[in-house]
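A.B. asks: Kindly generate the corresponding structure for this input.
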Amino acid sequence: MTLTLTAEELFRLAYENRYTWDKNFPGYTCDITLKNSQGTYTAKGEIKSNLEFGISEIEDELAKKAIHGQLWEITIHRVNHSFEKSHGENTFTFGTKDDNGAIEIIVGGAGQGNKYKVHNNTVSFVYRKIGNSIVAINTFDILNTDEGYLSQGYDSIYLDIETKQPKGNKTVFHDTFEKIDGYYILTNRRITGEENGQPTITEYQFSNIVLNR
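C.D. replies: Residues are numbered from 1 along each chain as shown. Predicted structure coming up:
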C-alpha cells in the first residue's frame, strides 16, 4: 500500500476532523420526548458548558436511565479531547484496504486489539474494547460541516471479547442535527433493533433547545 501519510497521520487527520463543541460552548436546555414500546415519556434536560448534564421532571426510572444514557452519548462525542490525550499511548499501523477505499488502522500500545477504518477523512469504522466486550460501529452516513463531520447513520453490535461472537443483535441509529446559535445540536435519534425476534423502534426527540447565553 503506497501512501504519503503514515497510519498515525492519516488517523489523526480523521480524528481531528470530527465535529466537537469549542471552548466557548455555553450549554443548553431542552425538552426531551422518549417513545418506545412501553410508552411515551417526557423530561427536561440540560447540558452545561463543562458538559455535565442533568435530567428533571420525569419519574419513571427506566425512562430516566435511558435518557441519561443518551445525554452521556451526546456529551462524550462532542467533547474536544486532543489527539494526544485520547491516543498518545497508542501506535498505529496500516491494515487492509476495502474496495470502497476505506483503510484499516490497527492500534498497538495501550490500545492493543482496537482498530479503525478511515474513509474520506472520516473514521468510518470503530472496533474497540469496552470492559469485557468489543463494540463494532460502522458509519454509513455522515453530515459534513465547515467545522468537521457528524455521523448521521451508523450501526453497532457488541461482541464477546474472547470468542468475538455477537452478544446481541445489531442496533441501527439515525441522527438528525440542527445548527442552533452557531452549534450543531442533536434534535432527533431513531434507534431500530430487534428483541425476541421482533423489530423495535426507540425515538428520542430534543426540542425547545435554548443555549445558555
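
A.B. asks: got the contact list for the residue nearest to the spatial centre of the chain?
C.D. replies: The chain has H77 as the residue nearest its centroid, 5.4 Å off, counting by CA atoms, centre = their mean. Listed by CB atoms under 8 Å, 6 or more residues apart in numbering, the contact set of H77 reads R18. No exception for glycine: its C-beta is placed from N, CA and C like everyone else's.

A.B. asks: what's whichever strand or helix holds K117 packed up against?
C.D. replies: Using DSSP states H and E, K117 falls within strand 115-119. Contact here means 3 or more CB pairs under 8 Å, 6 or more residues apart in numbering; DSSP states H and E; on that basis strand 115-119 packs against helix 7-16, strand 103-109, strand 122-130.

A.B. asks: Which residue ranges of this structure form strands?
C.D. replies: 27-36, 39-48, 53-56, 90-97, 103-109, 115-119, 122-130, 133-145, 148-160, 171-180, 183-195, 198-211 (DSSP state E).

A.B. asks: Out of those, which one sits most buried?
C.D. replies: Among the strands of the chain, strand 115-119 has the highest mean neighbour count (mean count of other CB atoms under 10 Å), at a mean of 21.

A.B. asks: Could you tell me which strands sit next to that strand in the sheet, and their orientation?
C.D. replies: Using DSSP bridges, the strands paired with strand 115-119 are strand 103-109 (antiparallel), strand 122-130 (antiparallel).

A.B. asks: how far is the longest helix seen in the chain from where the chain is centred?
C.D. replies: What stands out as the longest helix in the chain, according to DSSP state H, is helix 61-78. In terms of CA atoms, centre = their mean, to the nearest Å, the centre of helix 61-78 is set 12 Å apart from its chain centre.
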